[in-house]
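Asks: after the sequence you'll find the predicted model.
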Amino acid sequence: MNDIAEFVIRRILVALDASTHSLAALEEAAALAAALHAELLGLFVEDINLVRTAGLPFARQVSYPSGAEERMSSERIDRELKAQGELARKALAAAAGRQHARWSFRTVRGQVTGEILAAASQTDLVLLGKSGWSPARPVGSTALALIAASPGAFLLMPQEAPQTGPIAVLFEGSSDSRRTLEASIRLAIAHQAALLVLVSGPTPEACDAVRQSARQIIGSRVKEFRIRRVQAAAPRDLAQVLRTEHSRLLVLAGDSPLAQEAGIRSLLELTRSPLLLIR
Amino acid sequence: METAKPLTPEQLCRGCDPAQFPFETTAELVELTEVIGQARAIEAVEFGIGIARDGYNLFCLGPAGVGKHFIARQFLERHAAAQPVPPDWCYVNNFEQPQKPLALQLPPGQGAVLRSDCEQLVEELRTAIPAAFESEDYRTRKQVIESELKERHEKVFEEMRRKAERKEVALLRTPTGFVFAPIKNGEVLGPEEFERLPEPERLRLESDVEALQKELQAAMREAPQWEKEGREKVKKLNHEVTRFAVGHLMDALRRKYSGLPEVQKHFDAIEQDVIENVDEFLKPPENPLAALIGVPQRHVPKGSPFFRRYEANLLVDHSKNHGAPVVYEDNPSFQNLNGQVEYTAQFGALVTDFNLIRAGALHRANGGYLILEVRKLLQQPYSWEGLKRALQSAEIRIESLAEMLGWVSTVSLQPQRIPLRVKVVLLGERLLYYLLSQYDPEFSELFKVAADFEDRMERTPESSLLYARLIGTLAKKENLLPLDRSAVARVIEQSARAAGDSQKLSTHSRALLDLLREADYWARSGERSAVSAADVTRAIEAQIRRSDRVRERLQEEVVRETIRIETEQEKVGQVNGLSVIQLGQFAFGHPSRITARVRLGRGEVVDIEREVELGGPIHSKGVLILASFLGARYASDRPLSLSASLVFEQSYGGVEGDSASSAELYALLSALSDVPIRQWFAVTGSVDQQGQVQAIGGVNEKIEGFFDLCKARGLTGRHGVLIPASNVKHLMLRHDVVEAVKDGTFHIYAVETIDQGIEVLTGMPAGQRNASGRFPEGTVNQRVEARLSELAEKRRLFGQSGQSDQSGESKTSS
């Protein structure tokens, strides 16, 4: 059980780009930070690629969603990035204020993924909006790239996250999975939410063993919890369960097959629940 | 000429003999089911109720308290019970024009069913629709549509990115849009790196970027169209799912109301509206706090106020009625008659909808009868106009007064008009009926049947027995003690007295009932098992006692001689007249001292009361008749050369009526003849130009007024009253007066002419003209004529001397 106690969240990194997705993520991050008494670190990366492009003599911007063509200049992009950074800072301050969370904020200029990765190494949990910069792609390329590159814990937030409902956790009996369950218990206590343990195993017997093990770990710490069997490998089944249970959050262990890029992509496409990946 | 003789005690009060009744108490009598004494009115009511034509509404006219309401209601209820129950009415939302709610007509009792069906429909829709939209099937189909759209977007951007990558260009997102940036080995080129590229390469990149931009722009221009198509598809899907979810519910309702095409049409409209507004059914319930802020709402809707639009406002419910309705509206204000649209305050604004339409009396009485009191109706602003308009147009239009008068011009509800078929029964006094007939030309068009209620009925032995049964019936209905036959007789006597005629009985049932209740009170206080004549008498005396404070004070002042009324001596030019004072329901007689003075003049009789505007026109008319009588009788061949003045001494209020004109004439004759008048008499009666004494009103009260005064001073056996002979049939005097006459201490003379009267008053013969046309010596008439001749002669001499007299005759100078 010692390794379980190691998962402590003291610093939560929120990568902000002022898009609606990352602003929605902010509120949940602030609530989480307040519940866990952790510090919220806001990071706004001014994309260096944009600055460089703006310097090109022929650089033109196609406005979204009007499609109008506009001249791009270094000064203009500077101003826009500053304004965007300021918006992000204000949003963070407001959300943290509402939730009474400790917070700090900084702006850096550089490669987006690189800067976030660098900052992530200093924190216990990275929180990302579910969608990246592409308006059409449901899962941001930035987010997926980060998950692949960083060994730490991630929380992926959709645009409209539910504020109530049980905290669901997928428990498969592995060591990572036990840590995940332990973290979920603490979250359930902090949020005063019910706990929904989704167990899976190759056979019914294995499943029962896993169920037994989950019961032991939870003990009497959580007032309200339920254990339910699922087919772990099938994201569609899992999404269905989350929807019917109106779950507010799904916690996944890093070693779960679902925690791979394809699994995450389909889960995020199928469900509105935020996804907490613990590694 | 016959000399006037005193009336016998039997002539003074036509008593009712208890022995004529074949019962001990009224408990033995069969209850009276018919109305007595109102044959004419009842015929009219029956005709008015029976005739089913426009304009044949009823007006029951008669004094208050004769039982108009009771009789009209009794007949209406009897008639209405055999008539069909009229339809129910509901107001429902008009989905095309919400400000014009629709009226639905339903068979009696079905209105409440429709209302509960609509409530239940909303409940069911609120479960069925979200369930349909929660279904896996719907989610999947919606997901497919959304995915299609996403994929379409994604495909375009992905293609753009790939195409760009092939040309060593990256697609980047800026804070406000997109930009294409040239790359080299995965790195975006800055301006310096770009400058270092060979020129052909630079030109190629520039042109590639431009082409890509154009392409992206073209793609983005199409995006709104795709989104619109996507939304349309979702909308179509939603409609389809809703139609499926609500279809069976609506079908069931349409089947239930299969005979009512209007109701079915309304359900079609509901279905269409639900489909168009399905989003409302998918919203989470609103914060209940919102409803708590502001003024508490009368109608608190379940859930969102949006769903009120599917409810049915049951305006008229006949589910518990049998037969046609008979409605009495006690407060016939414009709104209470025609119905109204109420408003509720919501966050400081007044709002309304079809659910706040309230029925009026016309709605409730539609298909039946409406009873209204015309005085109340006329007192309410615009109620009369509103009622007439509804009857004329045969439909009920609900609108506010302010709107009708143009005081407000805000948009409000205009509920669909409801056809009206009602018979209105107005109850009111005769004066109001005649005023309306005179001044409102539409009145006689709309109220063609008048039921004129009698306030008196014939008094015969048969009618007395019927009256006894009426008394018994009322006593039973009111849970009063039964009346013994003496009490019945006493009540009948009092009824004749109330009618002011010994040959009539009053039909004023309210006064009768009051008397019975009060007699019952006294009988019960005496712990008797039946009401006796003594109890009735006590009740009558108590009624008088309660209201005769003013009479008592007046008499006290007369006895104390503050007001001078002489009842002992003889005086020239002075006579006791009698007047009646009416205070509320109580009337009493009061003597007045009338004096006359004469002197030389031009033939005018001055009515001092009129000169100071204290006398009314009828009084003045009486005085002018006197002058004419004097001139014609005593000075037909010479000018009437007197100047007389007449006055009611110590009268400070107005004097009206001609009942004192005979008294005034006696005073004048006394003044002219210088024969004193016996002050122990009082006189009443009007007089015509021939000297005939004519009937007056309130004869009983007048006699009793003088009797009371004489009694207070002590009856000497000389006191008496002169009344017109034509008033004898009206005599229903108090028992103590009759007793006094019986004892010879008080006398009542019925006179037909002034001559008869003056003889009684002076003790001197009046005198008839003899063969030579002269009045005999030693008669009043002779002395009057002689005095008038003397005055005429004086006047002639006075005129010859060329001097003006003292009467103020103007002298014309040339």
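Replies: Yep, it's here.

Asks: contacts only, for residue B:332.
Replies: Contact analysis of residue B:332 by CB atoms under 8 Å, 6 or more residues apart in numbering or on different chains lists B:361, B:372, B:373, B:376, B:377, B:380, B:383, B:387. From N, CA and C alone the C-beta is placed, and that goes for glycine too.

Asks: next one: the fourth one from residue B:332, what distance?
Replies: As judged by CB to CB, to the nearest Å, residue B:376 and residue B:332 stand 6 Å apart.

Asks: can you check the last one too?
Replies: Distance of residue B:387 to residue B:332, given as CB to CB: 8 Å.

Asks: joint contacts of those two?
Replies: B:372, B:377.

Asks: and the host helix or strand of residue B:234, what does it pack onto?
Replies: Assigned by DSSP states H and E, residue B:234 belongs to helix B:199-256. Packing partners of helix B:199-256 (3 or more CB pairs under 8 Å, 6 or more residues apart in numbering or on different chains; DSSP states H and E): strand A:60-63, helix B:110-134, helix B:136-166, strand B:169-174, strand B:177-184, helix B:191-196, helix B:261-276, helix B:278-282.

Asks: and the angle from that helix to helix B:136-166?
Replies: Computed by axes from the mean of the first three to the mean of the last three CA atoms, to 10 degrees, the angle separating helix B:199-256 from helix B:136-166 equals 170 degrees.

Asks: mind putting the helices and strands packed on helix B:199-256 into a markdown table with distance to residue A:78, mean pLDDT and mean neighbour count?
Replies: Output for the helices and strands packed on helix B:199-256, formatted as a markdown table (distance: least, CB to CB, whole Å; pLDDT from 0 to 100; neighbours: other CB atoms under 10 Å in any protein chain shown):
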| stretch | distance to residue A:78 | mean pLDDT | mean neighbour count |
| --- | --- | --- | --- |
| strand A:60-63 | 14 | 86 | 20 |
| helix B:110-134 | 47 | 92 | 18 |
| helix B:136-166 | 24 | 85 | 15 |
| strand B:169-174 | 12 | 85 | 20 |
| strand B:177-184 | 14 | 87 | 23 |
| helix B:191-196 | 14 | 86 | 14 |
| helix B:261-276 | 49 | 94 | 18 |
| helix B:278-282 | 43 | 87 | 17 |
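
Asks: could you dump these to JSON lines with distance to residue B:104?
Replies: Listed next are these as JSON lines, based on distance: least, CB to CB, whole Å:
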{"stretch": "strand A:60-63", "distance to residue B:104": "55"}
{"stretch": "helix B:110-134", "distance to residue B:104": "7"}
{"stretch": "helix B:136-166", "distance to residue B:104": "34"}
{"stretch": "strand B:169-174", "distance to residue B:104": "59"}
{"stretch": "strand B:177-184", "distance to residue B:104": "57"}
{"stretch": "helix B:191-196", "distance to residue B:104": "78"}
{"stretch": "helix B:261-276", "distance to residue B:104": "6"}
{"stretch": "helix B:278-282", "distance to residue B:104": "23"}
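
Asks: residue A:119 is nearest to which of the ones you listed?
Replies: strand B:169-174 (20.4 Å; CB to CB).

Asks: what pairs with that closest one, parallel or antiparallel?
Replies: Sheet pairing here is set by DSSP bridges, and for strand B:169-174 it gives strand B:177-184 (antiparallel).

Asks: list the residues that contact residue A:150.
Replies: Applying CB under 8 Å, 6+ apart, we find residue A:150 in contact with A:117, A:120, A:121, A:126.

Asks: what about those residues, which are in helices?
Replies: Mapping the contacts of residue A:150 onto helices (DSSP state H) picks out A:117, A:120.

Asks: now do the strands in the stretch 1-150 of chain A.
Replies: A:11-16, A:39-47, A:60-63, A:69-71, A:102-110, A:125-129 (DSSP state E, counting those that start in this stretch).

Asks: so what's residue B:587 bridging to?
Replies: Bridge pairing for residue B:587 - DSSP bridges - gives residue B:582.

Asks: any idea how many residues pack against residue 199?
Replies: You didn't pick a chain, so chain A it is. 26 (other CB atoms under 10 Å in any protein chain shown).

Asks: you looked at the wrong chain, it should be chain B
Replies: Around residue B:199 there are 7 residues (other CB under 10 Å).

Asks: measure it to residue B:305 for me?
Replies: For residue B:199, the distance to residue B:305 equals 71 Å [CB to CB].

Asks: one step back: can you tell me which of the contacts of residue A:150 are buried?
Replies: A:117, A:120, A:126 (16 or more other CB atoms under 10 Å in any protein chain shown).

Asks: could I get the contacts of residue A:150 in TSV, plus columns for pLDDT and distance to chain B?
Replies: Below are the contacts of residue A:150 laid out as TSV (pLDDT from 0 to 100; distance: CB to the nearest CB, whole Å):
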residue	pLDDT	distance to chain B
A:117	86	16
A:120	87	21
A:121	85	23
A:126	86	20
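
Asks: and which of the contacts of residue A:150 is nearest to residue A:58?
Replies: Within the contacts of residue A:150, proximity to residue A:58 (CB to CB) peaks at residue A:117, which comes in at 32.1 Å.

Asks: surely that closest one touches residue A:147?
Replies: No - using CB atoms under 8 Å, residue A:117 is not in contact with residue A:147; the gap is 10.7 Å.

Asks: flag the shaky bits of the chain, pLDDT-wise.
Replies: No chain specified, so I'll use chain A. The model of chain A has pLDDT under 70 over residues A:1-7, A:17-24, A:129-142, A:159-162, A:232.

Asks: sorry, should have said chain B
Replies: In chain B, residues with pLDDT under 70: B:285-304, B:802-814.

Asks: quick one: name the residues of it near chain A.
Replies: B:150, B:153-154, B:156-157, B:170, B:172-182, B:188-191, B:194, B:206, B:209-210, B:213, B:216-217, B:220-221, B:223-224 (CB under 8 Å from any CB of the partner chain).

Asks: contacting residues for residue B:401?
Replies: B:334, B:335, B:381, B:382, B:407 are the contacts of residue B:401 under CB under 8 Å, 6+ apart.

Asks: for the stretch 601-750 of chain B, what spans make up the helices?
Replies: In the stretch 601-750 of chain B, the helices defined using DSSP state H, counting those that start in this stretch lie at B:608-611, B:617-634, B:661-673, B:699-713, B:735-743.
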